[in-house]
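Novice: Whatever this is, show me its structure:
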Amino acid sequence: MFVRTKKVISCETTYEYLQVVNNSRSKGKIKQKVIATLGRLDQLRDNGDIDGILQSLARFSDEFSVIKMLQDGSVKSNWAKSWGVSLVFEKLWKKLGLDAIIRDLALQSGFQFDIERAVFASVLNRLVNPRSDLATHNWLGQVHTNGFENLDLHHLYRAMDFLADYQPEIEKALFDRGRDLFDYGVDLVFFDTTSTYFEGQGPEGLAAFGHSKDHRPDRVQVVVGVVMIRQGYPISCQFFEGNTADVTTIRRVIDLIKRRFDLKRVVLVADRGTVSVKNLVDLEKAGLEYIVGIPMRRYADVKEILVTYPGWFQAISPNFWFKEVFLNDCRYVLCYNEDQAKKDRADREAIVAKLKESLKNDGIKPLIGNKGYRKYLDIETGSAKIDRAKLEDEEKFDGKYVLLTSLSAEACPAEDAAISYKRLWQVEKAHRDLKSALEMRSVFHQRCDRVQGHIYCNFLSLYLKIALQKELEKTGIKMPWQTILDDLEALKAVHFEISGKEYLLRTEFSGCAYDVFKAAGVKPPKTLQCIST
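Specialist: Coordinates of the predicted model:
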């Protein structure tokens, strides 16, 4: 339906009439039907009738009414900010008791600003959009949460100092509250280390050249150890100088967490790269129990277990098997993961295919410096060929790993040992989250306390992430982490004014956001609420 003018000639005079016309289709042709003739256009203009007609019609158009209010200043839109992420993670922040823990500790320091808000702001930023402290301060203006509007840049720096100063107290309080909230059963402790490098010289006492897991041997680094319990929650984050070997950190960490958390018995579960024979002797002398992975290719006893020791495997699941072996006064558990075996086999076949291509086209020079390739070659002066005996020997290790434990079969059946070690992947995943998803690296701070505060801030972000994932698991929600964040960030708070009154509008839920709210126990805000005082 539309408005048109119709010219009519009367007594040699041309007049224009204003008409309302409707189009319709009949037998494939467009036909126009005059709904109403409003009058002569010149007379309507002279009498001001057109404006009257438009105003009368506008009463029946919501869109036109809104546009008119915007044009005459009756409605003023002030801002639109992210709301979903802050609502969900603040709910978890309070459920875990972190708000109360930090406020209680802050009373001892006499801060002149809300340090709890500054810490939460930094933690939330690490979860959503990790940035420098300066960029984080600018980002706060895009988030709708009580207290963020009062934070200055130097408050975020002070938050890092606060976390460094009170990390032991926060860990202890969080652990005690979690033990009641989540029914912690602390007997197995999972431990692994990683490293992160510095831009610049880094702080003295932490920064040093060492074995870089970031593949940046040109940068000084700090070694970070994370301790987790069987329920999947991290309980402690420890820092070591960048040249500290993994094997030297274990006893120090175990002694520390036993004292800090008042634990009577701790069984260490550690990866193959974090232990040595000397370390195990030291642990036993200290009365500590362990389940550790053993590098299969390094020890003759282990090779014997893999290749020659008799006995049937027992199934834990259709693709995971184990068998128990006693040898030379030691108790071993041999594990076999069929999925991992398939991956190991495929990886090796890809390397062999690449070797054949390189030997045919490029010769041996490009292969000599590559350890992954060289171990499958039989190299003679000026020539090389694929060593079939080495390939056959390597196949014996596909999908297998060996555990060594100080626990008796009565205290820890072989099946329990195998399952416990399998849980170590949660620690390894935590490290990946700490570094990639939470963007711990690289570190620009040049003071020890700021570095520790920066990393521990990421640790608290990791704790919140795991807490939300646990709630999602309970309700059967399985979504990629980035999808969850994107859907939560899509939920906005829009602030506007109408005739001097202030309102807050919540945009609609999209994707999995509503299900995440429900899983986290967050009551959705009203779609529209008046916030004028």
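Novice: With Ala384 as the reference, measure out to Leu377.
Specialist: From Leu377 over to Ala384 the distance is 5 Å, taken as C-beta to C-beta, to the nearest Å. (Glycine included, C-beta is placed from N, CA and C.)
Novice: neighbour-wise, which of those two wins?
Specialist: More neighbours surround Ala384 than the other of Leu377 and Ala384, with 21 against 18 (other C-beta atoms under 10 Å).
Novice: Give me the next element, helix or strand, following the helix or strand where the more buried one lies.
Specialist: In this assignment (DSSP states H and E), Ala384 forms part of strand 383-386. Note on strand 383-386: by DSSP H and E, the next helix or strand toward the C-terminus is helix 388-395.
Novice: average pLDDT for the helix or strand immediately after that following helix in the chain?
Specialist: Under the assignment DSSP H and E, the closest C-terminal helix or strand after helix 388-395 is strand 400-405. On average, the pLDDT along strand 400-405 is 86.
Novice: Show me where the stretch 201-350 of the chain has its helices.
Specialist: Along the stretch 201-350 of the chain, counting by DSSP state H, counting those that start in this stretch, helices occupy 250-261, 277-285, 300-307, 338-361.
Novice: Let's have the ones you listed in a markdown table, adding mean pLDDT and distance to Thr194.
Specialist: Below are these laid out as a markdown table (pLDDT from 0 to 100; distance: least, C-beta to C-beta, whole Å):
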| stretch | mean pLDDT | distance to Thr194 |
| --- | --- | --- |
| helix 250-261 | 80 | 14 |
| helix 277-285 | 72 | 18 |
| helix 300-307 | 66 | 25 |
| helix 338-361 | 83 | 22 |
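Novice: For Thr405, find the nearest of those.
Specialist: With C-beta to C-beta as the measure, helix 277-285 is the member of these nearest Thr405 (10.3 Å).
Novice: outside of that closest one, which residues touch it?
Specialist: 247-248, 250-251, 254, 268, 290, 292, 404, 406 (C-beta atoms under 8 Å, 6 or more residues apart in numbering).
Novice: Mark out where each domain of the chain begins and ends.
Specialist: Domain assignment of the chain by automatic domain parsing yields the ranges 2-60, 78-82+480-530, 297-407.
Novice: the inter-axis angle of the longest helix seen in the chain versus helix 250-261?
Specialist: The single longest helix within the chain, with elements called by DSSP state H, is helix 153-182. For helix 153-182 against helix 250-261, the angle by axes from the mean of the first three to the mean of the last three C-alpha atoms, to 10 degrees is 80 degrees.
Novice: for helix 153-182, which positions count as buried?
Specialist: 155-167, 170-175, 177-178 (16 or more other C-beta atoms under 10 Å).
Novice: Would you confirm that Gln529 contacts Tyr503?
Specialist: Yes - using C-beta atoms under 8 Å, Gln529 is in contact with Tyr503, at 6.9 Å.
Novice: quick one: which of these two has more around it?
Specialist: Tyr503 (15 against 11).
Novice: Quick check: which element contains the more buried one?
Specialist: strand 501-506.
Novice: same thing with Ala493?
Specialist: strand 492-498.
Novice: Now that strand - C-alpha only, CSV.
Specialist: Extracted C-alpha coordinates of strand 492-498, given in CSV (Å, rounded to 0.1, in the frame of the first residue of the first chain):
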residue,chain,number,x,y,z
LYS,A,492,24.0,-7.0,26.4
ALA,A,493,22.7,-4.3,28.8
VAL,A,494,21.3,-1.2,27.0
HIS,A,495,20.9,1.9,29.0
PHE,A,496,18.5,4.6,27.7
GLU,A,497,16.2,7.4,29.0
ILE,A,498,12.6,8.3,28.1
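Novice: quick one: contacts of it?
Specialist: Counting by C-beta under 8 Å, 6+ apart, 69, 74-84, 144, 502-507, 525 sit against strand 492-498.
Novice: Recalculate using a threshold of 10 Å.
Specialist: Here strand 492-498 makes contact (C-beta atoms under 10 Å, 6 or more residues apart in numbering) with 66, 69-70, 73-84, 86-87, 142-145, 502-508, 525, 528, 530-532.
Novice: for it, which positions count as buried?
Specialist: Neighbour count says strand 492-498 has 492-496 buried, by 16+ other C-beta under 10 Å.
Novice: ok, of these, which one's closest to Arg259?
Specialist: Closest to Arg259, out of all of those and judged by C-beta to C-beta, is Ala493, at 45.5 Å.
Novice: who's the closest one bridged to?
Specialist: Lys81, Arg506 (DSSP bridges).
Novice: wait, which of the helices of the stretch 201-350 of the chain is closest to Gln32?
Specialist: helix 338-361 (69.8 Å).
Novice: could you point out the longest strand in the chain?
Specialist: Ranked by residue count under DSSP state E, the longest strand found in the chain is strand 13-26.
Novice: Summarise which helices and strands that strand is packed against.
Specialist: In terms of contacts (3 or more C-beta pairs under 10 Å, 6 or more residues apart in numbering; DSSP states H and E), strand 13-26 is packed against strand 2-10, strand 29-40, helix 41-47, helix 49-58.
Novice: Count residues in the vicinity of Lys501, would you?
Specialist: The number of residues near Lys501, taken as other C-beta under 10 Å, comes to 10.
Novice: Grab the nearest non-local neighbour of it.
Specialist: Sequence neighbours aside, Ser532 is the residue nearest to Lys501 in space, at 4.7 Å (criterion: C-beta to C-beta, 6 or more residues apart in numbering).
Novice: and if you look at Lys76?
Specialist: Closest to Lys76 by C-beta to C-beta, 6+ apart is Glu497, at 4.4 Å.
Novice: That neighbour pairs with what?
Specialist: Lys76, Glu502.
Novice: One more: Thr13?
Specialist: The partner residues for Thr13, given DSSP bridges, come to Ser10.
Novice: Could you report the pLDDT at it?
Specialist: 84.
Novice: ditto for Gly521
Specialist: 95.
Novice: likewise the one 5 residues further on?
Specialist: The predicted local confidence for Lys526 comes out at a pLDDT of 89.
Novice: Can you say which helix or strand has it in it?
Specialist: Per DSSP H and E, there is no helix or strand for Lys526.
Novice: That one: how many residues sit nearby?
Specialist: What Lys526 shows, counting by other C-beta under 10 Å, is a neighbour count of 10.
Novice: again, but for Pro413
Specialist: Neighbour count of Pro413, defined by other C-beta under 10 Å: 14.
Novice: you'd agree it is up against Leu407?
Specialist: Yes - the pair Pro413 / Leu407 is scored as a contact, 9.3 Å apart, by C-beta atoms under 10 Å.
Novice: returning to that earlier point: so for the strand holding Tyr503, mean pLDDT?
Specialist: Here the average pLDDT along strand 501-506 is 87.
Novice: And the next helix or strand past it?
Specialist: Next along from strand 501-506, by DSSP H and E: helix 513-520.
Novice: What is the distance between that next one and the centre of its chain?
Specialist: 17 Å (C-alpha atoms, centre = their mean, to the nearest Å).
Novice: what packs against the following helix or strand past that helix?
Specialist: Later in the chain than helix 513-520, the nearest helix or strand by DSSP H and E is strand 528-530. Identification of packing neighbours for strand 528-530 by 3+ C-beta pairs under 10 Å, 6+ apart yields strand 492-498, strand 501-506.
Novice: All good on my end, thank you.
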